[in-house]
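Asks: Predicted coordinates and the sequence they were generated for:
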Amino acid sequence: MSAGREEFSMEISFGISPISWTNDDLPELGADTSLETCLSEIKLAGYAGTELGGKFPRDKYELRKVLQSHGLQLISGWYSGRLLGDNLKTEIERIKPHLELMAALGAPVLVYGETFNTVQNQRFVPLSARPILESSQFKAYGERLTGLAIFCAGQGVELSFHRHMGTGFESETELDLVMEYTRQEVGLLVDTGHLLFAGGDVLGVIDRYGHRINHVHAKDIRKNVLKRVDRTTDSFLDCVLDGVFTVPGDGMIDYSSVMKSLANQNYSGWIVVEAEQDPQKADPYKYACLGLDTLTKAALEAGFSIVH
């Protein structure tokens, strides 16, 4: 279900991340929300699948049973990568349990975020303290990441690289270098909100790397919150708590243009609504419905067929 690798079917499915209900990096957000509530509301809102969350069982049989009871598919699951600090062999051994779970549940992609020395999950460390790589590091990193992606593909799961705020791969320039020094086996996860937050050109990235995109996170940005972000004092989690992220249709991103750009690249696969918000301030079910309604309208206008 990835662009540029198979027949251009222009078929997409919509899923959502459970992070709107319960946040693994900020456990106080949604701490009292049960997995049953989360999955029931995901299904009720009209989504076909979900990404993995912290409250999900990690036993493949138990996880399959829980998801099947709600009529949901497992889309993918975040993996906190450490290739910047470890060798390929070590990373392969570490990723195996997560990869095996993805494969057993039929998830098409594994979301790989590089977290070595990251500040993304450090509440009191500002965004400006994120790691900055030397230009010479990108080539070696790209070789290791390609090796890992080849290993994942051999297990039936594609690796999808997620550039993320607070990491060594935050800017569009850094993303360009990762793409330059990796092979086709390394897929790209386009996260619209993270790209815009970092000052990137969302449509430009889609146009440039359409042949590499194998997963999409659709989040929106509240312009008024983004304007007041101070990278020298605000941590990534400060920004989350302040409400910088929201669902498509509630922010500044033109999703009609985003979906048309993806269609122009013959994208086929999952589009996942992901919006880290305080569930006490932003009702997860209400916002899940808004996100899906916005994306459905934009997708149909762009010529996609939606698979439920």
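Replies: Sure, I can see it. Numbering: from 1, shown residues only.
Asks: who's in contact with Leu188?
Replies: Going by C-beta atoms under 8 Å, 6 or more residues apart in numbering, Leu188 touches Ser160, Phe161, Leu175, Met179, Tyr209, Arg212, Ile213, Asn214, His215. Backbone N, C-alpha and C define where each C-beta goes, glycine included.
Asks: Quick one: list the elements packing against the helix or strand where Pro97 lies.
Replies: Element membership for Pro97 (DSSP states H and E) is helix 88-104. Helices and strands touching helix 88-104, by 3 or more C-beta pairs under 8 Å, 6 or more residues apart in numbering; DSSP states H and E, are helix 60-69, strand 78-81, strand 109-114, helix 135-154.
Asks: Of all these, which one is nearest Ile95?
Replies: strand 78-81 (6.1 Å; C-beta to C-beta).
Asks: would you list every one of the strands in this structure?
Replies: 11-16, 49-50, 73-74, 78-81, 109-114, 158-162, 186-191, 213-218, 220-221, 245-246, 269-273, 305-306 (DSSP state E).
Asks: what would those look like in CSV with distance to Lys297 and mean pLDDT?
Replies: Shown next, in CSV, are the strands of the chain (distance: least, C-beta to C-beta, whole Å; pLDDT from 0 to 100):
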stretch, distance to Lys297, mean pLDDT
strand 11-16, 12, 98
strand 49-50, 20, 98
strand 73-74, 23, 98
strand 78-81, 28, 97
strand 109-114, 25, 98
strand 158-162, 25, 98
strand 186-191, 20, 98
strand 213-218, 13, 98
strand 220-221, 14, 98
strand 245-246, 17, 98
strand 269-273, 13, 98
strand 305-306, 11, 97
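Asks: Let's have the ones you listed in JSON lines, adding distance to Met259.
Replies: Putting the strands of the chain into JSON lines (distance: least, C-beta to C-beta, whole Å) gives the following:
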{"stretch": "strand 11-16", "distance to Met259": "9"}
{"stretch": "strand 49-50", "distance to Met259": "18"}
{"stretch": "strand 73-74", "distance to Met259": "21"}
{"stretch": "strand 78-81", "distance to Met259": "24"}
{"stretch": "strand 109-114", "distance to Met259": "19"}
{"stretch": "strand 158-162", "distance to Met259": "19"}
{"stretch": "strand 186-191", "distance to Met259": "12"}
{"stretch": "strand 213-218", "distance to Met259": "9"}
{"stretch": "strand 220-221", "distance to Met259": "13"}
{"stretch": "strand 245-246", "distance to Met259": "18"}
{"stretch": "strand 269-273", "distance to Met259": "8"}
{"stretch": "strand 305-306", "distance to Met259": "11"}
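Asks: Of those, give the one that comes closest to Gly204.
Replies: Per C-beta to C-beta, nearest to Gly204 of the strands of the chain: strand 186-191, 11.1 Å.
Asks: List the neighbouring strands of that closest one plus their orientation.
Replies: Strand 186-191 sits in its sheet next to strand 158-162 (parallel), strand 213-218 (parallel), going by DSSP bridges.
Asks: so which of the ones you listed gets nearest Ile19?
Replies: strand 213-218 (10.2 Å).
Asks: ok now that closest one, how far from the chain's centre?
Replies: 7 Å (C-alpha atoms, centre = their mean, to the nearest Å).
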